[in-house]
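Trainee: Turn this into a model:
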Amino acid sequence: QVQLVESGGGLVQAGGSLRLSCAASGIIFGLSAMGWYRQAPGKERELVAAIGSDGSTYYTGSVKGRFTSSRDNAKNTLYLQMNSLKPEDTAMYYCAASKSDFSGIYNVPPHLPYDYWGQGTQVTVSS
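Mentor: So this is what the prediction gives:
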């Protein structure tokens, strides 16, 4: 049984930082591309960041330079370091795992199906 469990969300002031974690089990984590999505109330879910098994990354434009995704394959854990947070970053953040992978430099979202999802962790940024 695949499980993705996010943690690290919370309430933070604008300009602050949070680090999200996603603990994965039941998948071959080291061979899986992983993604961070977010969904704000009344808005569509959007891909924030993706990371391939080799550490290749993609970031959506609004978070470039502020967010960093990383992974520890030995611990089956995905991270999202979020700095310089803005009120518009407020959303539920979800971790997702793909049975596929990607590698290289991506300026557009890697075309990957995400097969497994976590339950989400809330991030609220106050102004």
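
Trainee: Tell me the pLDDT of the residue nearest to the spatial centre of the chain.
Mentor: Of all residues in the chain, the one closest to the mean position by C-alpha atoms, centre = their mean is residue 36, 2.1 Å from it. Note for residue 36: predicted pLDDT of 98.

Trainee: Shouldn't it be within a strand?
Mentor: Yes: assessed with DSSP: H, G, I helix; E, B strand; the rest coil, residue 36 lies in a strand.

Trainee: how much space is there between it and residue 22?
Mentor: Distance, residue 36 to residue 22, by C-beta to C-beta, to the nearest Å: 8 Å. Where C-beta positions appear, they are placed from N, C-alpha and C, glycine not excepted.

Trainee: Please, where are all the strands along this protein?
Mentor: Along the chain, counting by DSSP state E, strands occupy 3-7, 10-13, 18-25, 34-39, 46-51, 57-59, 67-72, 77-82, 91-97, 116-117, 121-126.
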